[in-house]
Structures are given as structure tokens and as C-alpha cells.
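>>> Sequence and computational prediction follow.
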Protein chains: 2
Amino acid sequence: MFDLLYKKITEKITLTEDEFELCKPLFSQRKLRKRQFILQEGDVSRYNIFVGKGLLRSYTIDEKGGEHILQFAFEGWWTADLYSFFTDEPSLFNIEALEDSELLMITRPSWESLLNKLPAIERYFRILIQNSLIATQRRLIGSLSETAEQKYLKFVKAYPESIQRVPQHMIASYLGITRETLSRLRRDIASGKSFP
Amino acid sequence: MFDLLYKKITEKITLTEDEFELCKPLFSQRKLRKRQFILQEGDVSRYNIFVGKGLLRSYTIDEKGGEHILQFAFEGWWTADLYSFFTDEPSLFNIEALEDSELLMITRPSWESLLNKLPAIERYFRILIQNSLIATQRRLIGSLSETAEQKYLKFVKAYPESIQRVPQHMIASYLGITRETLSRLRRDIASGKSFP
DNA sequence: CGGTCTCTTGACGGAGTTCAAAGCTAGTGG
DNA sequence: CCACTAGCTTTGAACTCCGTCAAGAGACCG
């Protein structure tokens, strides 16, 4: 699992194996079964989580009980409620395993000591967060300007694997539409109704 | 104008005045008249821009000609098309002054040399981007789960100054609704129709 | 098998859009 | 200082996409 983390880090920055050895002891490992939660609304998001294996989702629940998925986290991705992680305020998000998963987790104190020890790691996270911001901005603009169908087609193009691994009603909730709408829309696409 | 930048930086990190003196020569200054553009769709976003005075907006235009505002940038804020800035790809965004404005601008090569020279500055940007990501995630979740009225009320609460400084049709376009809907919705709020 | 989770379909309703027009405001130039 | 125009806001009426509610049919798992 650490191999994957090291690979991911060195895709963005240069870090010797010796330096990486300094990082390892700061992480704790954890396995999660499908449908298990690693964070529930109201708890403090005490860990920044690296997904070594499996798949997680983070989502909120609105007043009417509707779920809204912020992120799917596949192998090699990070996830957390950043706001809660940095402020120690209770989280608004739930984070749940969609498959049996294996995680590397780091607390904020450890994380911060790591950034102080290795500025290259701070750069790594700066780049990660930067890319995440760019992607989130794109998704926001899309959610303001695109139809349900455009959003879905873009999603399929961007994350083809997830079609296999994520139930459709969760894709709908990621896109901000209902499962019924997604179902109808897929039928229309399949029958060539959308571009005849 | 540099005073404001120094103040903003030292709100997040510690930086001596001497170190700040090293930063100054890397910035170019520019004034912008109301309605002038500093970036147009198709151009490369060559600068990361600090707003010393005034107010900018960044926005995209969709196929049907609709504008979608990503960000208002007030005094003390940074703006750019991050994707274009980091990749040198043509920008999808336009950035325009809503008031006469004064800017500090830094190119990517200068910006990167600065981060290498002063790791504290990399931390400054890491924190900025981090906060921006958190805010954008919130806005995204809101755009998926809230009604037009809820979005507007939250916006007014979060940015009361902008009600004075930003035309209403631009607030509508930031919220992802039409000017007509915003107009009606404001009328209903004013007449107490929404919570009687 | 029985229950839970998932996807699909239909009928209806509503929040918000679109189109069209008119009133208001502010900046500009004669 | 007034007139004129361009930009901004408001209103009305018709429409549309999508959500809501309700129901049924597979599919998977203990």
C-alpha cells in the first residue's frame, strides 16, 4: 500500500526513498468493509485519508433527506472533510466505503509535522489541492450551465471505470439529478433519441 | 498596494519584511478601467493576479451565449484561470474589471522561482488554495441541493458588500439562475411572502 | 426463498426558464 | 443642464425540464 503512495507522490515531486521512510511511521492503516463508515456527520474528520485499495464516497444529507455526493475516492486518491480536518469543527459529510477498502490515515498534527520536516511534501499537497480545485471549479461551472444529459455524458467520459463500480443512483446523486431522471436519460441515449 | 499584499500574506504565515522585499520585484503592476479585460477566452492566463484595489469577475460563456460567473475578486483576493496558468493551455474564462482596479501580477516562472526561494510562500498559497477548495466544494453542494432562494440568501449573508457593488444580473449568473428569477425572488422576500 | 438494494416506468406538478415588453437609472455629450 | 442612449431591473404569460409520488420488476445475499 505504501508502494502506491510513494508512486503517487513521486509522480508530482521528487522524494528519496529515505525521505519516504520518514513519512511511513506517521500513518496508521485501516481496513474497511463495504458499507462501513470512516466518518459520520457530526464527527470531527481527524484523518486525511489515502485510499490504497477500494473505493469511498463522501456525501452530505440535506434537510429533506436527499444525499449529495461530493467525491468518489478511488485507489490512489485522498479524501477527508477538509473543513473539519483543518478546523476541528464537526463534519457535514459522511464518508463510506463502497467496496472493501484499505486506507492509510494521517492525523493533522502528524501531517503538519510532516510538512515542516519535508517542504517537498507540502508542495505535493499544494499540487494535489490545486488540481482538485481546478476540477471542482469545472464541475461547478458544469452544474450551473449543463443539462442533465450533458453532465452524465461528461461524467462517463471522465470516469469510465466508475460506471462499473458505482451504483447508478449514486452517480445521479453526484450529478445532482434524481435516479429516475438518470434512468430515463440513459434510456433515451441508448435508443439514439438524443442524436438521431 | 504592496502593503495590502504583505498584510494578507502575514495573516497566514510568518514572513519578514526583508523576505517580502525579495518578492516585490517579481510583480508587475497594472491599472484597469471598469469594463476592461485582463484575460479573454482563448488567451493563455499568463499571470496570477492579486487585486490591490477594485473588483474583478471571472466567467465563462456557454454555447448559447449564457454567462456563468466563477468568482468575484475583491481587494486582497487572487484571481486567474488556474488551469490555463499552470498548463499554458488557452483559457475558457474571461476576467473583467467591474470597477476601476489596481493589480499586482506575477508570471508562472516568477511565481515558481518565488516558491523555491521561500517555502513559506508555498505554504501561503497552499493555504489559500485549500480555503478556496473548501469554499468551492460548499458552493457546489449548495448548487446541487438548494433552491434559488436559499442560494441567494446565503450569498447575501456571505458577501453583503457585493450587493452594493455588483449588478444583480451578475449575482444571478453567479448563483446559476436567470435575472428574471432573481428579480421575482427578491420581490417575494421583500414582501415577506417567503416566511409570512 | 424472503428481504434489501437497485433500476425502470408512468402520471402529475412545480420551480425555474424563455420570450417579449416596458420602466428605471446613470453616464455621456451637445 | 437637459436629452438621449445603453445598461439594468421588473413584470407577465407560456412552456419545459426535471422532481415527486407511486408502483413494479430484477438482482443479489444471507
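Thanks, I have the structure now.
>>> Look through chain A and tell me its longest helix.
Scanning chain A for the longest helix, with DSSP state H as the assignment, gives helix A:119-145.
>>> Okay, and the beta partners of the residue nearest the centre of chain A?
For chain A, the residue sitting closest to the mean C-alpha position, by C-alpha atoms, centre = their mean, is residue A:73 at 3.3 Å. Beta bridges link residue A:73 to residue A:56, judged by DSSP bridges.
>>> And the pLDDT for it?
At residue A:73, the pLDDT value in this model is 96.
>>> Equivalent analysis for residue A:190, please.
86.
>>> That one: neighbour count?
The tally of other residues near residue A:190 (other C-beta atoms under 10 Å in any protein chain shown) stands at 9. Every C-beta, even on glycine, is put in place using the N, C-alpha and C of the backbone.
>>> Kindly report the same for residue A:173.
21.
>>> Close to DNA strand D: what parts of chain A are there?
Within reach of DNA strand D by C-beta under 7 Å from any atom of the strand, chain A has these residues: A:64, A:66, A:147, A:148, A:149, A:176, A:177, A:178, A:180, A:181, A:185.
>>> how about 10 Å then?
A:34, A:62, A:64-66, A:146-152, A:172-173, A:175-185, A:188 (C-beta under 10 Å from any atom of the strand).
>>> which among those residues are in contact with chain B?
A:62, A:66, A:176 (C-beta under 8 Å from any C-beta of the partner chain).
>>> How about the last one: what's its closest non-neighbour residue?
Read it as residue A:176. residue B:144 (3.7 Å; C-beta to C-beta, 6 or more residues apart in numbering or on different chains).
>>> any idea of the pLDDT on the one you found?
Confidence score, pLDDT, at residue B:144: 94.
>>> So what's the residue count around it?
Using other C-beta under 10 Å: residue B:144 sits among 21 other residues.
>>> residues in contact with it?
Going by C-beta atoms under 8 Å, 6 or more residues apart in numbering or on different chains, residue B:144 touches A:68, A:143, A:176.
>>> Briefly note if the lowest-mean-pLDDT helix or strand in chain A comes near DNA strand C.
Averaged element by element with mean pLDDT, DSSP states H and E, chain A has its least confident helix or strand at helix A:160-165 (a mean of 92). Yes: looking at helix A:160-165 against DNA strand C by C-beta under 10 Å from any atom of the strand, the contacts come from residue A:163.
>>> Phi and psi next, for residue A:47.
Phi and psi for residue A:47, reported as degrees, to the nearest 10, are phi -120, psi 150.
>>> so it touches residue A:80, yeah?
Yes: if you go by C-beta atoms under 8 Å, residue A:47 and residue A:80 touch, sitting 6.6 Å apart.
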